[in-house]
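1. Here is a sequence together with a model predicted from it:
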Amino acid sequence: MDLQIDEFYKDAAAGMLMLYQAFPRKVALYVEDLIGREEPDEFGLPSKRHQACLGALLWLAEEGYIRYDSTIAYDALDQAVLTEKGFIRLSRGIPHALPEGEAQPASVRRVRATLAWQLREALGQHNSEKVARLTRLLFESALNTASDIV
């Protein structure tokens, strides 16, 4: 089992959601806010877990999902914001995300069917399989937009 990949999915989703909640403002995106406090190693360097989370955030930037002005040591990305690509992917509707037959106003259905809402729910439930599946959807460039309810 590749535990680092599950952690990557969780870190990427959590980082993207923090920026989605602040969108369109630029914010400092701290690793500690995503994974909690990790003690440095005996040489004062960030833990491997901390480095992995920062690596996930940097990867998101390299792949065009987020942008930032600079890093704050190993602690954060400064002035981070979602790119258009990141925003569009998080705000699009996911087919079959909502249970059938539930009567909800259109605005509620629209919000709850978004990838952002579904990811937030999966992270809140600590459902690593669902987080992995939804994060992989985030990285897919083409979903069937005909069933998008946004």
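-> It's in. Numbers count the residues shown, from 1 in each chain.
2. domains in the protein, as residue ranges please.
-> 3-85, 89-144 (automatic domain parsing).
3. How far does the shortest one sit from its chain's centre?
-> What that stands for is domain 89-144. Domain 89-144 has its C-alpha centroid displaced from the chain centroid by 12 Å (C-alpha atoms, centre = their mean, to the nearest Å).
4. From Ala73, how far out is Gly44?
-> 11 Å (C-beta to C-beta, to the nearest Å). All C-beta spots, glycine's among them, are computed from the backbone N, C-alpha and C.
5. pLDDT averaged over stretch 86-105 - what is it?
-> Here stretch 86-105 scores 77 as its mean pLDDT.
6. What separates the first and last residues of it, distance-wise?
-> Terminal residues of stretch 86-105 lie 26 Å apart, using C-alpha to C-alpha, to the nearest Å.
7. In this structure, mark out all the helices, start to finish.
-> 3-22, 31-35, 48-62, 84-91, 106-112, 115-124, 128-139 (DSSP state H).
8. Turn those helices into CSV, columns for mean neighbour count and distance to Leu77.
-> Output for those, formatted as CSV (neighbours: other C-beta atoms under 10 Å; distance: least, C-beta to C-beta, whole Å):
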stretch, mean neighbour count, distance to Leu77
helix 3-22, 19, 8
helix 31-35, 18, 9
helix 48-62, 18, 6
helix 84-91, 17, 13
helix 106-112, 13, 27
helix 115-124, 20, 19
helix 128-139, 16, 18
